[in-house]
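A.B. asks: Pasted the sequence and its predicted model underneath.
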Amino acid sequence: LFIRSRSLRHGKSLRLETQIEGPSGASWPSLFWLPLVRFQVEWVSPHAEVRLEKDGFELKEWIAPKERGFFDCVLRKVSVEDVLGLSRIRMEFRSNTKVEVWPHIGRLKRLPVLMSLGSGEEFPHPMGIANGDRLDLRRYSPGDPARFIHWKALARTRRVMVRVPERSLSPSKRTLAYLVSGPNDEATASAARAAIENRLLGDEWVFAADGTPQATSSTEEALMAILRSAHAKSDGASRLISFLEEGERMGPASIVLFVPPQGGPWLERVTLALKTRSHRSRVVIGVDGLRPAPPRPPRHRFFFYPNQTPEVPIEHLEKVLSTLQALRVETAIVDRLSGQPLSPLHWRKPIASSPSLPHQVADFKKEVA
């Protein structure tokens with residue numbers, strides 16, 4: 001094993017995608033002459049699932065990465081043990097292979113155009129204010145022009161009311177997009193990659209992500225920023241406020257945020273940044289299917305099997321949604337596996353049996369009362 005590992009120290013660079021299996025170019029002895037020996041390989045950095053495929057007297061290595069990012073080396077753990085687990089030899093091998101792991105898009109190619117509403121283009125006011133027609137009413141206050149008084153409302157209610165302009169809204173031409181890093185954010189990073197590659201942010205956009213000091217409008221640099229954001233999960237949304245303030249100096253723009261489905265310290269920073277910008281903000285959350293944890297069979301309880309919980313608990317996602325909905329921010333949940341938008345109806349348990357008609361009428365009368 002030590003001699004074989006010397007050939008892996010200077011391997012070729014790899015370009016992979018998460019959740020997609022590909023060859024790593026490494027091979028190991030099959031140990032076919034030892035029938036009671038088990039041979040296993042584990043990738044520690046980057047974290048990946050390893051499958052060994054027999055090819056003659058060798059075992060070819062196939063890997064499926066689980067996390068995106070840049071990696072300057074590969075750390076493997078190789079173990080040789082007997083089938084009864086009485087003895088084991090474990091060794092670590094480090095190679096200088098450079099690995100690029102990109103987030104897998106899946107079926108997110110059918111995302112809608114991620115543009116929010118901004119100020120309108122109609123300027124009926126002589127001062128050039130971005131307001132629409134005067135359709136709303138409010139009480140008269142000193143200083144309001146007399147030509148805006150609603151005389152019919154005055155004759156009907158004996159109250160002096162004035163017309164106020166309705167704010168005109170239209171799709172914004174500039175978009176400020178930001179990727180927030182956090183736990184279980186691989187599907188969200190895939191949504192950000194799909195939005196940039198498919199030009200879903202509009203004609204004029206600026207993108208930034210955690211772990212990248214500067215914003216960019218280049219497609220290549222934006223994709224590289226998505227990869228670098230994997231190493232900044234502990235400091236999510238740290239420079240979001242400064243990014244928005246710098247982008248708003250160039251003029252009004254809509255805001256699109258890609259956030260993880262699981263909360264953390266980043267949620268407070270996002271809440272603070274969107275308090276005054278909620279009317280022109282949109283939040284995108286990426287998930288890999290939402291299913292409640294299956295019930296544990298009795299045999300698993302007896303033999304102390306670990307609980308099989310989903311990757312992102314539904315309770316964590318609902319907490320993030322409730323925080324964002326309190327700000328009245330438009331939120332979109334996209335599933336990377338199906339490419340479809342999701343709503344809370346997709347993961348809430350259906351009612352087992354509906355009540356009978358008399359009970360429904362009784363419940364209705366109680367609600368009316």
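C.D. replies: Happy to help now that I have it.
A.B. asks: buried sites along stretch 324-332?
C.D. replies: 324, 327, 329-332 (16 or more other C-beta atoms under 10 Å). The way it works is simple: take the backbone N, C-alpha and C, and place the C-beta from them, glycine included.
A.B. asks: Kindly report the same for stretch 217-226.
C.D. replies: Buried positions in stretch 217-226, judged by neighbour count with 16+ other C-beta under 10 Å: 222-226.
A.B. asks: Any stretches of the stretch 101-250 of the chain with poor pLDDT?
C.D. replies: The model of the stretch 101-250 of the chain has pLDDT under 70 over residues 110-136, 165-172.
A.B. asks: how about the buried residues of stretch 324-332, which pair is most distant?
C.D. replies: Pairwise distances among these were taken by C-beta to C-beta; the largest, 14.7 Å, belongs to 327 and 332.
A.B. asks: if I look at residue 289, how far off is residue 137?
C.D. replies: Plainly put, residue 289 is 48 Å away from residue 137 if you go by C-beta to C-beta, to the nearest Å.
A.B. asks: Contacts only, for residue 42.
C.D. replies: Each residue near residue 42 by C-beta atoms under 8 Å, 6 or more residues apart in numbering is listed here: 50, 76-79.
A.B. asks: and those, which are buried?
C.D. replies: 50, 76, 78.
A.B. asks: can you tell me how far the last one sits from residue 50?
C.D. replies: Think residue 78. For residue 78, the distance to residue 50 under the criterion C-beta to C-beta works out to 10 Å.
A.B. asks: any shared contact partners between these two?
C.D. replies: Residues touching both residue 78 and residue 50 by C-beta under 8 Å, 6+ apart: 41-42.
A.B. asks: isn't there a helix covering residue 229?
C.D. replies: Yes: residue state for residue 229 (DSSP: H, G, I helix; E, B strand; the rest coil) corresponds to a helix.
A.B. asks: do you know how far it is from residue 182?
C.D. replies: Spatial separation of residue 229 from residue 182 under the definition C-beta to C-beta is 10 Å.
A.B. asks: Now the residue of the chain positioned farthest from its centre: which helix or strand?
C.D. replies: Within the chain, the residue lying farthest from the chain centre (C-alpha atoms, centre = their mean) is residue 155, at 55.3 Å. Under DSSP states H and E, the secondary-structure element containing residue 155 is helix 151-157.
A.B. asks: pull the CA atoms of that helix into PDB?
C.D. replies: The C-alpha coordinates for helix 151-157 follow below in PDB (Å, rounded to 0.1, in the frame of the first residue of the first chain):
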ATOM      1  CA  TRP A 151     -64.900  66.800  -3.400                       C
ATOM      2  CA  LYS A 152     -67.300  63.800  -3.900                       C
ATOM      3  CA  ALA A 153     -66.000  62.100  -0.800                       C
ATOM      4  CA  LEU A 154     -66.300  65.400   1.100                       C
ATOM      5  CA  ALA A 155     -70.000  65.800   0.000                       C
ATOM      6  CA  ARG A 156     -70.800  62.200   1.000                       C
ATOM      7  CA  THR A 157     -68.900  61.800   4.300                       C
END
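A.B. asks: What segments of the stretch 251-369 of the chain are helices?
C.D. replies: For the stretch 251-369 of the chain, the helices defined by DSSP state H, counting those that start in this stretch cover 265-274, 298-302, 314-326, 357-368.
A.B. asks: What count of nearby residues applies to the residue nearest to residue 340 when sequence neighbours are not counted?
C.D. replies: Spatial nearest neighbour of residue 340, chain neighbours left out: residue 334 (7.5 Å); criterion: C-beta to C-beta, 6 or more residues apart in numbering. In terms of burial, residue 334 registers 24 neighbours under the definition other C-beta atoms under 10 Å.
A.B. asks: One more: residue 19?
C.D. replies: The local packing of residue 19 (other C-beta under 10 Å) involves 19 other residues.
A.B. asks: Now the closest residue in space to it that isn't next to it in sequence. Its backbone dihedrals?
C.D. replies: Using C-beta to C-beta, 6+ apart and skipping residues adjacent in sequence, the residue nearest residue 19 is residue 104, 5.0 Å away. When read as degrees, to the nearest 10, the backbone of residue 104 gives phi -70, psi 130.
A.B. asks: What is the neighbour count of residue 104?
C.D. replies: Per other C-beta under 10 Å, the neighbour tally for residue 104 reads 21.
A.B. asks: which residues touch it?
C.D. replies: Taking C-beta under 8 Å, 6+ apart as the contact definition, residue 104 lies against 17-20, 190, 336.
A.B. asks: Of those, which is the most crowded?
C.D. replies: With neighbours defined as other C-beta under 10 Å, the most crowded of the contacts of residue 104 is residue 190; it has 27 neighbours.
A.B. asks: That one: what secondary structure?
C.D. replies: Assigned with three-state DSSP, residue 190 falls in the helix class.
A.B. asks: how close does the residue nearest to it when sequence neighbours are not counted get to residue 286?
C.D. replies: Using C-beta to C-beta, 6+ apart and skipping residues adjacent in sequence, the residue nearest residue 190 is residue 103, 4.2 Å away. When distances are taken as C-beta to C-beta, residue 103 and residue 286 turn out to be 9 Å apart.
A.B. asks: Need the overlap of contacts for the two.
C.D. replies: Counting by C-beta under 8 Å, 6+ apart, the residues touching both residue 103 and residue 286 are 186-187, 189-190.
A.B. asks: So which of those residues is the closest to residue 177?
C.D. replies: Nearest to residue 177 among the shared contacts of residue 103 and residue 286, counting by C-beta to C-beta, is residue 189 at 12.5 Å.
A.B. asks: I figured that closest one was touching residue 229, is that so?
C.D. replies: Yes: taking contact to mean C-beta atoms under 8 Å, the distance of 6.9 Å between residue 189 and residue 229 places them in contact.
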